[in-house]
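Student: sequence plus predicted model, see below.
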Amino acid sequence: MAIDTATTRVARLRAEIERHNRLYYELDEPAIPDAEYDQLFRELQSLETQYPELLTLDSPTQRVGGAPLKYFAEVQHRTPMLSLNNAFSEEEVRAFDSRVREALGVVEVEYAVELKFDGLAINLRYRDGVFVQGTTRGDGSTGEDVTENLRTVRPLPLRLHDGAVGDLPADVEVRGEVLMFNRDFDQLNAQQRANGDKEFVNPRNAAAGSLRQLDSRITADRHLSFFAYGVGLCEGLALPRQHDGQMALLQQWGFPVALQRRVVSGVDGLLDYYREMGEQRAALPFAIDGVVYKVNDMALQQRLGFVARAPRFAIAHKFPAEEAMTILLDIDVQVGRTGALTPVARLAPVFVGGVTVTNATLHNEDEIRRKDVRIGDTVIVRRAGDVIPEVARVVLERRPADAREFVMPTRCPVCGSHVARADDEAAWRCTGGLFCPAQRKQALLHFAGRRAMNIDGLGDKLVEQLVDANRVNTPADLYELGMSALLSLERMGEKSALNLLDAIAHSKHTTLARFIFALGIRNVGEATARDMARHFGSLDKLLAADVARLQQVHDVGPVVAQSMVDFFAEAHNRDVIEQLRRSGVVWDEHEAQPDSILPFTGKIFVLTGTLAALSRQQAKERLEALGAKVSGSVSKKTDYVVAGLESGSKLERAQQLGIAVLSEDEFLSLIEG
Ligand code: IVH
């Protein structure tokens, strides 16, 4: 290859690799598989070996780490790295806003609001646009020089991009947070397990452990990430006078900046942002422990100044901790709808993720062994978002001498049937089927669920009583219930009984998709049920289908197909279906619709804001019936975003990514047309 061809190719490869780094670490949307990324990387490496004159310090190939250090040098920060005061409640946020308004003598303040990343604070120094030094926060005045390790952090620019921005500062400090994405953390721990090494307890510890490696080649393997959140000292360039302008500049220089930043007015803007990010938190690909509010105007920031070691112009509003420590008092075994035995930890009550938790799942026997959980242990309980609380790990240092190992029962704790475990499964299952009252109760609750037959008011307490009193054994029995049977139950008044009978009668008019889902066939979720209904159009056709025929349905593989065939082969399941039909359960049958002819097959929609004519659920069902998929988050794969009233960040994201946005009217005419 001629040198000028090589020069062009090298430049193109570098730009391409940096672009993929950004897609992966900032936008969370990897565009190519890891193997392809590695291929680009190797091609660049080999060109640089062939033409050493093309190698530069800021090439992505220089992110692989170098010879190990003996120790980290200490570095005195030129401006101290301070911390933030915390607010844990709305009152504390209101008090912060009042203090700011009073000090400035204004009625309303403009704030820049952003995520509080749960990683490690880092200071990066660039001279004439080139990365020269990176340090940890340390005690705030002196940190450790981790430059070589930071060079390996892929999304961190080794040279500031000056393209459209004009002059670069002669000397600038950029502040931000090094962290590890959840998926990289999971991969790292899987690797640690495979090597028999100790696992990291959370992404922050993994990031800290990885950054403080004397051997930067290890850091290079760990896939760390970085988000910038501010500028420290800056010489040789006048910075924008507002915090959000500075963030935009950082982004133009090539730093990853979280997309969720905003500018809001007044305390209500702060609290709305807190709520919104609280909802998004669990879906983010990295950990945050709160949000940060900063007075946007830099001159006002300066006027407010600092108290002790924290600024007066900013505050962190923390989310409730997702992890807490407590004692595991006992382990019970619960039996689920499909007979799976789930060990459940009974805990000394503990406040975590904003609620008091007394039970947490231990998933299955293998997980108990893997985490080495024993009765009497002190454990860390985790409750993230709406996820069921789980025992994350044991605090081994606190294990009492009499801690007991858990033994899986050999018989179902509810019906006494023996338990079995398939070779390829983690769960032990009760073999009692619908003979087992626990499975029966769960099957009924599933049948009555909102997304199945939607029988309002039929909750656990009622199902429990109906099954225990032998009033209801199968879903079909629900439709035989009369007033007197209901009135004989505890705490059941005439009015509630009437309401329940009404809800049961109401549920008879359903859809084929809901009916199939309600049957509770193993491996058949809502989406599969919907695909089945659409594909076959009628229940009789579905009942007659064999494994091969079932597999013609979109996304249905051999496991799901076999589950369905097994379910319909059972005489008692067929009987229940017949009884249900005889009791008047009906739906519209239609001609089978092969997957490809639906108008929105393969299209991905995201719904945001409030629609006037339909609920979210109704809009979702309408779209799905037309073949569309409805997703919870906007990515570049999204085809349409439907924006109702008060659409927030999803709408913004769609606009950033150039995705078609539909108003409610446009949406309605699209689905109706
Ligand atoms: S600003 C003078 N912004 O939180 C204020 N800090 O408790 C400097 N952090 O040490 C910090 N996300 O490591 C700021 N968006 C954000 C942040 C953030 C995370 C960390 C940072 C700092 C700690 C303060």
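Tutor: Sure thing, it's come through.
Student: quick one: name the residues of the stretch 301-450 of the chain near the ligand.
Tutor: Contact residues (CB under 6 Å from any ligand atom) of the stretch 301-450 of the chain with the ligand: 311, 314, 316. Placement of C-beta: from N, CA and C, glycine included.
Student: by neighbours, which of those residues wins?
Tutor: Ala314 (22 neighbours; other CB atoms under 10 Å).
Student: surely that residue is in contact with Lys294?
Tutor: Yes: look at Ala314 against Lys294 with CB atoms under 8 Å: they come within range, at 4.3 Å.
Student: between the two, which contacts overlap?
Tutor: Counting by CB atoms under 8 Å, 6 or more residues apart in numbering, the contacts common to Ala314 and Lys294 are Gln301.
Student: can you tell me which residue is spatially central in this protein?
Tutor: The residue lying closest to the centre of the chain (CA atoms, centre = their mean) is Ala283, at 2.7 Å.
Student: can you give me the distance of it to Glu29?
Tutor: 14 Å (CB to CB, to the nearest Å).
Student: about what we covered before: got a markdown table for the residues of the stretch 301-450 of the chain next to the ligand, with secondary structure, distance to Glu490 and pLDDT too?
Tutor: Putting these into a markdown table (DSSP: H, G, I helix; E, B strand; the rest coil; distance: CB to CB, whole Å; pLDDT from 0 to 100) gives the following:
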| residue | secondary structure | distance to Glu490 | pLDDT |
| --- | --- | --- | --- |
| Pro311 | strand | 59 | 94 |
| Ala314 | strand | 56 | 97 |
| Ala316 | strand | 49 | 96 |
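Student: once you drop chain neighbours, what's closest to Phe406?
Tutor: Sequence neighbours aside, Ile331 is the residue nearest to Phe406 in space, at 4.8 Å (criterion: CB to CB, 6 or more residues apart in numbering).
Student: mind checking the pLDDT average for the one helix or strand that neighbour maps to?
Tutor: Assigned by DSSP states H and E, Ile331 belongs to strand 323-335. Summarised as a single mean, pLDDT over strand 323-335 is 95.
Student: beyond it, next helix or strand please.
Tutor: Defined by DSSP H and E, the subsequent element after strand 323-335 is strand 341-352.
Student: who does the very next helix or strand once past that next one touch, helix- and strand-wise?
Tutor: Beyond strand 341-352 in the direction of the C-terminus, DSSP H and E gives the next helix or strand as strand 355-361. Strand 355-361 sits against strand 341-352, strand 390-394, with contacts defined as 3 or more CB pairs under 8 Å, 6 or more residues apart in numbering; DSSP states H and E.
Student: now mean neighbour count and mean pLDDT too, for those strands, in TSV please.
Tutor: Below are these laid out as TSV (neighbours: other CB atoms under 10 Å; pLDDT from 0 to 100):
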stretch	mean neighbour count	mean pLDDT
strand 341-352	18	95
strand 390-394	20	93
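Student: make TSV from the ones you listed and add distance to Asp372 to it.
Tutor: Below are the helices and strands packed on strand 355-361 laid out as TSV (distance: least, CB to CB, whole Å):
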stretch	distance to Asp372
strand 341-352	14
strand 390-394	6
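Student: quick check: buried residues in the longest helix along the chain?
Tutor: Secondary structure of the chain read by DSSP state H shows that its longest helix is helix 3-25. The neighbour-count check on helix 3-25 (16 or more other CB atoms under 10 Å) flags 6, 9-10, 13-14, 16-18, 20-25 as buried.
Student: now stretch 108-118
Tutor: Buried-residue list, stretch 108-118, by 16+ other CB under 10 Å: 109-118.
Student: tell me which of the residues you listed is nearest to Tyr640?
Tutor: Nearest to Tyr640 among the buried residues of stretch 108-118: Leu115, at 27.0 Å, using CB to CB.
Student: would you verify that the closest one is located in a helix?
Tutor: No: going by DSSP: H, G, I helix; E, B strand; the rest coil, the assignment for Leu115 is strand, not a helix.
Student: can I assume it is in contact with Val291?
Tutor: Yes: with contact defined as CB under 8 Å, Leu115 reaches Val291; the gap is 6.0 Å.
Student: and Leu44, how far from Leu115?
Tutor: Between Leu44 and Leu115 the distance is 32 Å, computed by CB to CB.
Student: tell me how many other residues surround Glu367.
Tutor: Other residues close to Glu367 by other CB under 10 Å number 15.
Student: residues contacting it?
Tutor: With contact taken as CB under 8 Å, 6+ apart, Glu367 is in contact with Ala426.
Student: the helix or strand hosting it: which residues count as buried?
Tutor: Here Glu367, judged by DSSP H and E, is contained in helix 365-371. Burial within helix 365-371, assessed by neighbour count using 16+ other CB under 10 Å, is assigned to 365, 368, 371.
Student: adding distance to His506 and pLDDT, write these out as JSON lines.
Tutor: JSON lines is the format used below for those (distance: CB to CB, whole Å; pLDDT from 0 to 100):
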{"residue": "Glu365", "distance to His506": "42", "pLDDT": "94"}
{"residue": "Ile368", "distance to His506": "43", "pLDDT": "96"}
{"residue": "Lys371", "distance to His506": "45", "pLDDT": "92"}
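Student: ok, so of these, who is nearest Gly354?
Tutor: Out of the buried residues of helix 365-371, the member with the shortest distance to Gly354 (by CB to CB) is Lys371, at 24.1 Å.
Student: verify the stated contact: that closest one with Val394.
Tutor: Yes: between Lys371 and Val394 there is a contact under CB under 8 Å: 6.2 Å.
Student: and the pLDDT at Ser596?
Tutor: Model confidence at Ser596 (pLDDT) stands at 59.
Student: before we move on, what about Val606?
Tutor: 91.
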